[in-house]
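K.L.:
structural data only, the sequence is not supplied:
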Ligand SMILES: [Zn+2]
């Protein structure tokens, strides 16, 4: 069974299925790239809200694949998903240090993700020196996803796309593979993917504005409006006069 629509980095092609897929598209792409002889070092950056445990497990003993997962700090999901995605799961043997976990708190948001990318991901990729970069994209990190609480908006996805394009141009001759993963607010997921593609393609101005971008609560403005309406009612609505 091939299902490339969601959560495949939570499964692994030779291991037990986990997450929502039987095949791990990202891991298969990495294996194919390495076996082809055209790549010797691959970096996988996974921004799906869930830990990319299948990909991590698949290359846990390898120094040829750097796996970096930015995910919600969700911990273990029981016996089928023992990995926690904690920072001390760093690989073993020659793979020691080549699995980096970045568990992020709920509400990390656009600026928090950009900070994590520039402070943790880019320096690690730069030091690793891949000749191919795989970006595992989950829109379940979005602000409106029922599975995640990471608060990314279209702007955040666009910025991550820009950063990853820069990393690929700097280190892997522009070789960047994007793999689609989770995303459960079906409308907003499409917009976020669009924004990320705009970032990767270095499109200078967004072609789509964010349809449901967060608008901050402004209580003082609302109170002033209510008071103004109340004053009007008090003056001009007969049965409310004087209230
Ligand atoms: Zn996910």
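P.N.:
Great, that's in hand. Bear in mind that the values here come from a model prediction, so they are computed numbers and not experimental data.

K.L.:
contact partners for residue 203?
P.N.:
Applying Cβ atoms under 8 Å, 6 or more residues apart in numbering to residue 203 gives no contacts. The C-beta positions use only the backbone N, C-alpha and C, and glycine is treated the same way.

K.L.:
wasn't it part of a helix?
P.N.:
No. Counting by DSSP: H, G, I helix; E, B strand; the rest coil, residue 203 is not found in a helix; it is coil.

K.L.:
number of residues surrounding whichever residue of the chain sits closest to the ion?
P.N.:
Per Cβ to the ion, residue 182 is where the chain lies closest to the ion, at 3.0 Å. As a burial measure, residue 182 scores 26 neighbours (other Cβ atoms under 10 Å).

K.L.:
element containing it, please.
P.N.:
Under DSSP states H and E, no helix or strand contains residue 182.

K.L.:
anything in the helix or strand bottoming out on mean pLDDT in the chain near the ion?
P.N.:
Least confident element among the helices and strands of the chain, by mean pLDDT, DSSP states H and E: helix 53-58 (a mean of 92). No. For helix 53-58, no contact with the ion is found by Cβ under 5 Å from the ion; the gap never falls below 10.8 Å.

K.L.:
and that helix, how far out from the chain middle?
P.N.:
Per Cα atoms, centre = their mean, to the nearest Å, the displacement of helix 53-58 from the mean C-alpha position of its chain is 17 Å.

K.L.:
now do the residue most central in space within the chain, the pLDDT please.
P.N.:
What sits nearest the mean C-alpha location of the chain, by Cα atoms, centre = their mean, is residue 47, with 2.7 Å. With respect to pLDDT, residue 47 scores 97.

K.L.:
hmm, it is touching residue 137, no?
P.N.:
Yes. Here residue 47 reaches residue 137: they are 6.3 Å apart, a contact under Cβ atoms under 8 Å.

K.L.:
I'd like to know which elements the least confident helix or strand of the chain is packed against.
P.N.:
In terms of contacts (3 or more Cβ pairs under 8 Å, 6 or more residues apart in numbering; DSSP states H and E), helix 53-58 is packed against helix 25-36, strand 65-72.

K.L.:
please redo it, this time with the cut-off set to 10 Å
P.N.:
helix 25-36, strand 42-46, strand 65-72, strand 99-104 (3 or more Cβ pairs under 10 Å, 6 or more residues apart in numbering; DSSP states H and E).

K.L.:
please produce JSON lines containing the ones you listed, extended by mean neighbour count and distance to the ion.
P.N.:
Formatted as JSON lines, the helices and strands packed on helix 53-58 follow (neighbours: other Cβ atoms under 10 Å; distance: least, Cβ to the ion, whole Å):
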{"stretch": "helix 25-36", "mean neighbour count": "19", "distance to the ion": "12"}
{"stretch": "strand 42-46", "mean neighbour count": "28", "distance to the ion": "9"}
{"stretch": "strand 65-72", "mean neighbour count": "26", "distance to the ion": "8"}
{"stretch": "strand 99-104", "mean neighbour count": "22", "distance to the ion": "13"}
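
K.L.:
mind checking which of those is nearest residue 154?
P.N.:
strand 65-72 (17.5 Å; Cβ to Cβ).

K.L.:
list the neighbouring strands of that closest one plus their orientation.
P.N.:
strand 42-46 (parallel), strand 99-104 (parallel) (DSSP bridges).

K.L.:
any chance of those strands in CSV, with distance to residue 20 too?
P.N.:
Formatted as CSV, these follow (distance: least, Cβ to Cβ, whole Å):
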stretch, distance to residue 20
strand 42-46, 15
strand 99-104, 21
